[in-house]
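**Student:** Sequence first, predicted coordinates after that:
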Amino acid sequence: MTAAATTTTTTGGRAVADALAAHGVEVVWGIPGTHNLEVYAGLGAAGIRHLSPRHEQGAAFAADGYSRVTGRVGVCVTTSGPAVLNAATALGQAYSDSIPVLLVAAGMPLGTPGLGNGELHETKDLVGALEGVVAYAHRVTSVAEIPVAVAQAFGRMATGRPRPVVIEIPYDLIAEEATVPAAAAAAPPVLAPAPAAVNAAAAILARAQRPAILAGGGASAAAAELRLVAERLGAPVVCSINGKGTMPEDHPLCIGAGYAARAVRELVDDSDAVLVVGSELGAADLWWGPLDLAGKAVRIDVDPAQAVTNAAPVVSVIADAALALGALLDELGAGAGFDPADRDAPGVARAAQAREAFRAQVREEAGRWTDLLESMTAALGRDGIVVADNAMVGYFGALGNVPAYHPRSFLFPTGYGTLGYAVPAGLGAKVGRPDARVLALSGDGGLMFTVGELASGAQERIALPVVVVDNGGYGEIRKEMAERGDPPLGVDFDSPDFAALGRSLGCHGVRAQSRAELDDALERAFAADRPTVIHVPE
Ligand SMILES: Cc1ncc(C[n+]2csc(CCOP(=O)(O)OP(=O)(O)O)c2C)c(N)n1
Ligand SMILES: [Mg+2]
C-alpha cells in the first residue's frame with residue numbers, strides 16, 4: 001500500500017485552485033488580472049469551470065445566487081484593489097442574508113506590503129476594509145498556509161451561521177513555488193442541541209393552546225422537520241422572505257411568506273407561544289416595527305447572538321435547525337397524526353383565517369401586476385425559482401403572490417437591499433440548478449446597476465427570462481418622496497428600449513404587456529438558449 005502524498009511542490013496560485021477542487025468546488029465566477037494569472041492557470045489545470053461576469057459585483061452576486069439554490073459555497077475570484085472593492089457590495093449582501101460566499105483575491109506583495117509604493121491596484125488596507133463587511137478577511141503570509149486557509153474558510157462557512165469569507169493572497173506568493181501540505185477537505189461539525197434546552201422548549205410548546213411558527217432562511221435545510229413540528233403542534237407557519245417556500249404554500253398550516261403583513265402581526269398577537277426557527281426577525285423583514293413576542297418566543301438558532309436579538313426568548317435552542325427540530329419532535333412524541341384533508345385538525349381553522357387576511361392584503365398591494373404575477377406563477381409551476389431585485393414588483397408583488405413550494409426557490413436581497421441583484425444572482429442560480437426554471441425579476445432602475453451581466457449570460461447560453469417592470473424610474477423612492485410631500489428629485493428617468501438593449505448584448509428581447517403576450521414571452525424564454533429580456537411597461 002502506498003501512503004497518499006502529504007506534501008506537494010506547487011505555486012500559490014495552483015495551491016489555491018487545488019484546495020478549492022479538494023473542497024468540491026466545480027465552478028467559480030471571476031475576472032482575471034495581472035496579479036492573479038497563476039490562479040487562473042491553476043483553475044484551468046484543476047478542471048474548475050470558470051464563468052466570466054462583466055464586473056466583480058456580478059461575480060459575487062452570481063456566487064451568492066448559486067449558493068442560495070444549492071446550499072453549497074459559492075466562489076468568486078478577483079485580482080486586487082478595485083476588483084475586491086467592486087465585489088464588496090455583493091459580499092455585504094451575502095453577509096446580511098447569511099450566504100456562504102468565498103472570495104479569493106490577489107493582494108499587495110509580501111515584499112512591499114506598505115503604503116505608497118505605487119503598486120498597481122495598491123489599496124491602503126484592503127483586508128481592513130473587507131473585515132468590516134464579511135465574516136472575516138484573511139491575508140495569507142506563506143504559500144504553505146494556503147491549503148489550511150481554504151480549509152478554515154470552508155469550515156467557517158459550514159459551521160454556525162454561514163457568512164462570506166475573503167482570502168487575500170499576496171501576489172508574489174501567487175507566483176512563488178513552495179512545498180505545501182496536500183489539500184484535503186474535512187467533514188464539518190454540525191451543532192447538536194443541548195437536551196435540556198430541547199426539553200424546556202418542548203414543555204412550553206406542548207402547553208400552548210395557540211402556537212405559531214416563524215421560519216427564516218436558517219430553516220431552509222430543515223423543511224421536512226419544520227412541517228412535522230408544525231403538524232404535531234397544530235401551528236400556523238409564516239416564513240420570512242429568505243425562508244419562503246420552506247413550508248409549502250399549499251399546506252393547510254402555511255400562511256405565506258413575508259412578516260410585514262398585518263395578518264402576521266395579528267397571528268403573533270393571538271398566539272400564546274411562537275417558535276422562531278433560524279430567523280433574524282430583522283427590521284428589513286418586519287418593516288412596521290418589531291413583533292411583540294414578550295414572554296412567548298422559543299428560538300432555535302445556530303447563532304447564539306442572533307437567538308437573543310430582536311426578541312428575547314423564553315427558551316433558546318442553539319443548534320442546527322434540522323437537528324433541533326428533530327429533537328423537539330422526539331421530545332413532543334407522536335401526536336394524533338395530521339390529515340391534510342381534515343379541516344378540523346388543530347390549527348387549520350386558525351391558519352385559514354390568517355391566510356385569508358394575509359392573501360387579501362398581498363393581493364391588493366400587487367393589484368397593478370396581477371397579469372404578470374399570474375403569468376409567472378403558471379410558467380414557473382411548482383418547481384420554479386424566482387430571483388427578485390429590490391423592486392416593488394418583488395416585495396409587494398412576487399413575494400406574497402407567486403407561491404413557493406420548496407425552500408431555496410425565492411431569492412431576494414433582503415437585509416442589505418442591494419439594487420442590481422436579480423440578473424447576476426439569477427445567472428448563478430441557473431448554473432446551480434440547470435434543471436429548474438429560473439426567472440429574474442427586476443425594476444428598470446435596478447436592472448441598469450448590473451446590466452452588463454446580460455452579456456455574460458448570453459455568452460454562457462444561460463436560459464434566463466429577465467422580466468423588467470418599467471415604471472420610468474425609482475418608483476419606491478418616488479412614492480416615499482410623495483408621501484413626505486416632497487417634489488420628486490432624482491427618481492424619474494427615460495427608460496431605454498430594454499428589449500433592444502438585451503438584443504444588443506446577445507440576449508433575446510421582447511416587449512410584453514397583455515396576459516397572452518406575457519405567457520408567450522415566458523414560454524419562449526424558458527425554452528431559449530440564452531437570456532431573454534422581457535420589457536413590461538407598468
Ligand atoms: C445599491 C442601492 N442604491 C440605492 C438604493 C435605494 N433604492 C431603494 S428602492 C430604489 C428604487 C429602485 O427602482 P427600480 O429598480 O426601478 O424599482 P421600483 O422601485 O421602481 O419598483 C432605490 C434607488 C438601493 N436599495 N440599493
Ligand atoms: Mg422602477
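**Tutor:** Cool, the structure landed. Ligands and ions are numbered 1, 2, ... in the order given.

**Student:** Where does the stretch 301-450 of the chain get nearest to ligand 1, which residue?
**Tutor:** Closest approach between the stretch 301-450 of the chain and ligand 1, counting by Cβ to the nearest ligand atom: Gly443, at 2.5 Å. (Glycine included, C-beta is placed from N, CA and C.)

**Student:** For that residue, which non-adjacent residue is closest in space?
**Tutor:** Of all residues not flanking Gly443 in the chain, Ala391 sits nearest, at 3.1 Å (Cβ to Cβ, 6 or more residues apart in numbering).

**Student:** and if you look at Ser271?
**Tutor:** Spatially, and ignoring its direct neighbours in sequence, Ser271 is nearest to Ala212 (4.1 Å; Cβ to Cβ, 6+ apart).

**Student:** Provide the backbone phi and psi angles at that neighbour.
**Tutor:** Recorded main-chain torsions at Ala212 are phi -150, psi 160, according to degrees, to the nearest 10.

**Student:** what number of residues lie near it?
**Tutor:** Using other Cβ atoms under 10 Å, Ala212 is surrounded by 28 other residues.

**Student:** And the one 4 residues further on, by the same measure?
**Tutor:** Using other Cβ under 10 Å, Gly216 is surrounded by 27 other residues.

**Student:** do the same with Gly44
**Tutor:** There are 12 residues near Gly44, going by other Cβ under 10 Å.

**Student:** Just the CA trace of the helix or strand it falls within, in PDB.
**Tutor:** Gly44 is part of helix 37-46, with elements assigned from DSSP states H and E. Extracted in PDB, the C-alpha atoms of helix 37-46 (Å, rounded to 0.1, in the frame of the first residue of the first chain):
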ATOM      1  CA  LEU A  37      -2.700  34.900 -13.600                       C
ATOM      2  CA  GLU A  38      -1.200  31.900 -11.800                       C
ATOM      3  CA  VAL A  39      -4.500  31.400 -10.000                       C
ATOM      4  CA  TYR A  40      -6.100  31.200 -13.400                       C
ATOM      5  CA  ALA A  41      -3.500  28.700 -14.600                       C
ATOM      6  CA  GLY A  42      -4.300  26.700 -11.500                       C
ATOM      7  CA  LEU A  43      -8.100  26.800 -12.100                       C
ATOM      8  CA  GLY A  44      -7.600  25.500 -15.700                       C
ATOM      9  CA  ALA A  45      -5.300  22.700 -14.500                       C
ATOM     10  CA  ALA A  46      -7.700  21.700 -11.700                       C
END
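
**Student:** Kindly report the residues of the stretch 351-500 of the chain close to ligand 1.
**Tutor:** Taking Cβ under 6 Å from any ligand atom as the criterion, the stretch 351-500 of the chain approaches ligand 1 at residues 389-393, 417-419, 443-446, 471, 474-477.

**Student:** Now the most centrally placed residue in the chain: closest residue in space that isn't a chain neighbour?
**Tutor:** In the chain, the C-alpha nearest the mean C-alpha coordinate belongs to Arg68, at 4.5 Å (Cα atoms, centre = their mean). Distances taken as Cβ to Cβ, 6+ apart place Leu411 nearest to Arg68, at 5.0 Å, with adjacent residues excluded.

**Student:** Relative to ligand 2, how far out is the one you found?
**Tutor:** For Leu411, the distance to ligand 2 (Cβ to the ion, to the nearest Å) stands at 19 Å.

**Student:** Let me see the confidence value for that residue.
**Tutor:** On pLDDT, Leu411 comes in at 98.

**Student:** who does it bridge with?
**Tutor:** Note on Leu411: beta-bridge partners by DSSP bridges are Val387.

**Student:** The residue nearest to Ser271 contacts Val268, doesn't it?
**Tutor:** Yes: in this structure, Ala212 is within contact of Val268 by Cβ atoms under 8 Å, at 6.4 Å.

**Student:** so what sits against both of these two?
**Tutor:** Val274 (Cβ atoms under 8 Å, 6 or more residues apart in numbering).

**Student:** Distance check, Arg262 against Asp269.
**Tutor:** Arg262 sits 10 Å away from Asp269, taking Cβ to Cβ, to the nearest Å as the criterion.

**Student:** need the contact list for Met448.
**Tutor:** Residues near Met448 by Cβ under 8 Å, 6+ apart: Gly420.

**Student:** Run a quick neighbour tally on the residue nearest to Gly443.
**Tutor:** Ala391: 26 neighbours (other Cβ under 10 Å).

**Student:** doesn't Ser442 make contact with it?
**Tutor:** Yes: using Cβ under 8 Å, Ala391 is in contact with Ser442, at 5.9 Å.

**Student:** what's the overlap in contacts for these two?
**Tutor:** Listed as contacting both Ala391 and Ser442 by Cβ under 8 Å, 6+ apart are Val469.

**Student:** The closest residue to ligand 1 within the stretch 51-200 of the chain: what secondary structure?
**Tutor:** The nearest approach of the stretch 51-200 of the chain to ligand 1 comes at Thr89, 6.9 Å away (Cβ to the nearest ligand atom). At Thr89 the chain is in helix, as set by DSSP: H, G, I helix; E, B strand; the rest coil.

**Student:** Now it: closest residue in space that isn't a chain neighbour?
**Tutor:** Closest residue to Thr89 apart from its sequence neighbours, by Cβ to Cβ, 6+ apart: Gln57 at 5.6 Å.

**Student:** ok so, going back, report the separation between the residue of the stretch 51-200 of the chain closest to ligand 1 and ligand 2.
**Tutor:** Taking Cβ to the ion as the measure, Thr89 and ligand 2 are separated by 20 Å.

**Student:** how near is that residue to Glu177?
**Tutor:** Remark: distance between Thr89 and Glu177 (Cβ to Cβ) = 35 Å.

**Student:** Mind checking which of the two has more residues around it?
**Tutor:** Just comparing Thr89 and Glu177: by other Cβ under 10 Å the higher neighbour count belongs to Thr89, 19 against 13.

**Student:** how many other residues sit next to Arg262?
**Tutor:** Based on other Cβ under 10 Å, the number of other residues close to Arg262 is 12.

**Student:** and if you look at Asp64?
**Tutor:** Asp64 has 29 neighbours, counted by other Cβ under 10 Å.

**Student:** The residue nearest to Thr89: what's it in contact with?
**Tutor:** By Cβ under 8 Å, 6+ apart, the contact list for Gln57 reads Asn86, Ala87, Thr89, Ala90, Gly420, Pro424, Thr450.

**Student:** How about the fourth one: what's its closest non-neighbour residue?
**Tutor:** Yep, that's Ala90 we're talking about. Ala60 (3.3 Å).

**Student:** Quick one: the helices in the stretch 251-400 of the chain, in order.
**Tutor:** Remark: helices assigned in the stretch 251-400 of the chain by DSSP state H, counting those that start in this stretch are 262-270, 283-286, 321-332, 348-365, 370-380, 392, 399-401.

**Student:** nearest to Leu130, of these?
**Tutor:** Across the helices of the stretch 251-400 of the chain, the minimum distance to Leu130, taken as Cβ to Cβ, is reached by helix 283-286, at 22.2 Å.
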